[in-house]
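Undergrad: Generate a structure from the sequence data that follows.
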Amino acid sequence: MSRLKLGVLGSGRGSNFVALATAVAEGKVAAEFVVVGSDQADATILEEAKKRGIPTVVCPKGNYRTKLEEQIEEGLAEQLGKAGVELLILAGYMRVVKEPLLKRFKGRMINLHPSLLPAFPGLRAWEQALRAGVQETGCTVHWVNEVVDGGSVIRQMRVPVREGDTAELLHARIQEAEHTILWEVVRDLAMRKIPWLQDPRAK
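TA: Numbers count the residues shown, from 1 in each chain. Reported below is the predicted structural model:
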């Protein structure tokens, strides 16, 4: 079986990308990275990709903080497509995905979110969990659709909220869970242990 071709989009440090790349390098995941992209030219995730010899792309920021203009996202989607991406992974990507990416990667795009969706969608979900006083939260890998953090759940991992937790402590424990759940989901998608919404090799 050929290795699943991965593309990753991120806006920051790229710790989840690093964890996934480590699992791939250790032979735990039958996949390969064909491109890593960002909306931030100085994002550390780009440096992490370059260290590993993975091609990178940076799109213009545009005029909005939470989304890209259609023509900018269309250009990004085109670059990802030309790179041969079969599964697009959003890992700390801080833009709302719109029609160009949704259309190009329908059924082939997943997101990692730091809560047990549908609870606490949106930004800084760990802080939302603390304010709500819940006893546990966690992280979710889900398919991406037109509803922000609203796509079908693939897998979740629970993280307890401990007495005396600060936002930083809770977030750190959620990230530990994220570093495991992401590569496990990608592994199982590559091995067809998780049903695809769309065959990644159907062009």
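Undergrad: residue boundaries of the strands in the chain?
TA: 4-9, 31-38, 56-58, 87-90, 109-113, 136-143, 153-160 (DSSP state E).
Undergrad: List the buried residues of the fifth one.
TA: In other words, strand 109-113. For strand 109-113, a neighbour-count test (16 or more other Cβ atoms under 10 Å) marks 109-113 as buried. Bear in mind the C-beta positions are built from the backbone N, C-alpha and C, glycine included.
Undergrad: do stretch 8-16 as well
TA: 8-12, 14-16.
Undergrad: Same check on stretch 41-53?
TA: Using 16+ other Cβ under 10 Å as the burial criterion, the residues of stretch 41-53 that qualify are 43-46, 48-49.
Undergrad: Reformat the buried residues of stretch 8-16 as TSV; add pLDDT and distance to residue 175.
TA: Output for these, formatted as TSV (pLDDT from 0 to 100; distance: Cβ to Cβ, whole Å):
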residue	pLDDT	distance to residue 175
8	98	16
9	98	18
10	97	13
11	96	15
12	94	12
14	96	12
15	97	6
16	97	8
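Undergrad: Out of those, which comes closest to residue 54?
TA: Lowest distance from residue 54 to those (Cβ to Cβ) belongs to residue 8, with 8.6 Å.
Undergrad: Dig out what that closest one forms beta bridges with.
TA: residue 36, residue 89 (DSSP bridges).
Undergrad: Just the pLDDT for the closest residue to residue 24 other than its chain neighbours.
TA: Taking Cβ to Cβ, 6 or more residues apart in numbering, and ignoring the residues beside it in sequence, residue 24 has residue 31 as its nearest neighbour in space, at 5.6 Å. With respect to pLDDT, residue 31 scores 98.
Undergrad: which residues of the chain fall in helices?
TA: Listed in chain order, the helices found in the chain under DSSP state H are 15-25, 44-51, 70-82, 99-104, 125-132, 167-190.
Undergrad: Please convert these to CSV, extending it with distance to residue 148.
TA: As requested, the helices of the chain are arranged in CSV below (distance: least, Cβ to Cβ, whole Å):
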stretch, distance to residue 148
helix 15-25, 19
helix 44-51, 21
helix 70-82, 15
helix 99-104, 12
helix 125-132, 12
helix 167-190, 18
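Undergrad: Can you list the low-confidence ranges for the chain?
TA: For the chain, the stretches flagged by pLDDT under 70 are 1, 202-203.
Undergrad: So which residues make contact with stretch 174-194?
TA: Outside of stretch 174-194, the residues within contact range by Cβ atoms under 8 Å, 6 or more residues apart in numbering are 3-4, 6, 15-16, 19-20, 22-24, 28-31, 87, 89, 91, 110, 112, 114, 126, 137-139, 141, 154-159, 196.
Undergrad: still on that earlier bit, and the buried residues of stretch 41-53 as a markdown table, adding distance to residue 67?
TA: Compiled in a markdown table, the buried residues of stretch 41-53 are given as follows (distance: Cβ to Cβ, whole Å):
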| residue | distance to residue 67 |
| --- | --- |
| 43 | 17 |
| 44 | 22 |
| 45 | 19 |
| 46 | 20 |
| 48 | 25 |
| 49 | 23 |
